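Visitor: turn this into a structure:
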Amino acid sequence: MNRFLTAIVVALSAAITQAAPLGLPEVPIPADNPQTDEKIKLGDKLFHDARFSATGEVSCSTCHAREKGFTDNLRVSEGINKLTGTRNAPTVINAAYMKTQFWDGREPDLEGQSKQPPINPIEMGLADYEPILKIVRSDPEYQAQFKQVFGKSGKDITIDHVAKAIASFERTVVAGNSPFDQYQYGGKSDALNASQLRGLKLFTGKGRCVSCHSIEQTQALFTDNRFHNIGVGFKRIQGNEGITASEFLKSKREGANVDVTVLTQENMSELGRFAVTENTTEVGAFKTPTLRNVEVTGPYMHDGSLETLKDVVSFYNNGGREQETDPFSPFLSGGIRPLDLNKKEQKDLVEFMKALTSPEFAGLAKN
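Guide: Next up is the predicted model:
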């Protein structure tokens, strides 16, 4: 009986995880949305279908393009009619490991995240999900795929089925096996050059980067999946933090959609995690992004305000300020303070981050 129960546990574990490349853990898979090849193919098609926007020109892949490291390389993303929002598009690469989605974590999973852009007025611009459902319920190819994957047809196909398929595809967008992984976990001592090795030492030491961009003994997500105020965007609401927070809460109480609000109102966008939790200690706090493939996914930060990795390192070296003369934010998370790195050390740190690029994305490097 014990062997039988053990076999069941092993089988269930296999059903809710997905193998991953060197340096990454198995991909967590929700028990209510298991992976299948057919579902992944369906999700891939849905992800690239521009018919799901008001203009028929914008799809998920518009802001998360494979050839751009599953982002758009823009400061802030462009939706229908070239409308722009307030946030930089996070890469989909390794988003499967994120415990929350969006910069402020307002959705708990990829299923929830995938349902927001279609009905955001400056992203895909639909008033509701009906145009999407009309397409998937009437298109012959979609009809066959939804029947095969979910056993559903006609009005039994819901937006939740669409979301599950897209999320399943996104969970296959994982990338490790970088030069760092080959050095750290693959036993390849010459995978990093001298500058990158110095950068790794700085990353885990003087630079204190590893405090939030975690490296573990057998794997490295390069994120702690937590939220921190590092000073980005502080100048936009400096002196008006309380007023901005009060106006946001009033709007939220009156039924305003948080997803729409933070993407259309720049001052309220800077409230960060506070928009979700309403906890004043999280004003201006944003999710720690993974640094994997960071070389190809710029520009950086939630507002795309830092163009290069050199700019990012300089920002941290100044203690959460673009310039040494800028004021410090009173909301800074603990540990954000000047690093006193010299120019050579800053360069080595940048070179180390370039060693986090996976082979399949190495040709996209711009920094």
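Visitor: contact partners for the residue lying closest to residue 167 once chain neighbours are set aside?
Guide: The shortest distance from residue 167 to any non-neighbouring residue, by CB to CB, 6 or more residues apart in numbering, is to residue 110 (3.7 Å). No exception for glycine: its C-beta is placed from N, CA and C like everyone else's. Residue 110 makes contacts with 95, 96, 101, 166, 167, 170, 171, as judged by CB atoms under 8 Å, 6 or more residues apart in numbering.
Visitor: against residue 221, how distant is the first one?
Guide: This points to residue 95. Distance of residue 95 to residue 221, computed by CB to CB, to the nearest Å: 11 Å.
Visitor: check the last one too.
Guide: Going from residue 171 to residue 221 by CB to CB gives 15 Å.
Visitor: coming back round to it: pipe the contacts of residue 110 into a markdown table and attach distance to residue 87, secondary structure and neighbour count per row.
Guide: Output for those, formatted as a markdown table (distance: CB to CB, whole Å; DSSP: H, G, I helix; E, B strand; the rest coil; neighbours: other CB atoms under 10 Å):
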| residue | distance to residue 87 | secondary structure | neighbour count |
| --- | --- | --- | --- |
| 95 | 15 | helix | 20 |
| 96 | 20 | helix | 21 |
| 101 | 12 | strand | 22 |
| 166 | 19 | helix | 24 |
| 167 | 20 | helix | 26 |
| 170 | 18 | helix | 25 |
| 171 | 22 | coil | 23 |
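Visitor: for those, which one is nearest residue 346?
Guide: residue 95 (28.6 Å; CB to CB).
Visitor: from what I can see that closest one touches residue 101, true?
Guide: Yes - with contact defined as CB atoms under 8 Å, residue 95 counts as touching residue 101 (6.9 Å).
Visitor: how distant is stretch 41-57 from the center of its chain?
Guide: 20 Å (CA atoms, centre = their mean, to the nearest Å).
Visitor: domain-wise, how is the chain divided?
Guide: For the chain, the structural domains run 2-170, 179-229+288-364, 234-283, going by automatic domain parsing.
Visitor: reformat those as JSON lines; add mean pLDDT.
Guide: Formatted as JSON lines, the domains of the chain follow (pLDDT from 0 to 100):
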{"stretch": "domain 2-170", "mean pLDDT": "92"}
{"stretch": "domain 179-229+288-364", "mean pLDDT": "96"}
{"stretch": "domain 234-283", "mean pLDDT": "92"}
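Visitor: excluding covalently adjacent residues, which one is nearest to the residue nearest the centre of the chain?
Guide: The centre of the chain sits closest to residue 90, judged by CA atoms, centre = their mean, with a distance of 4.0 Å. Counting by CB to CB, 6+ apart, residue 90 lies nearest to residue 289, which is 6.3 Å off, once chain neighbours are set aside.
Visitor: many thanks, have a good one.
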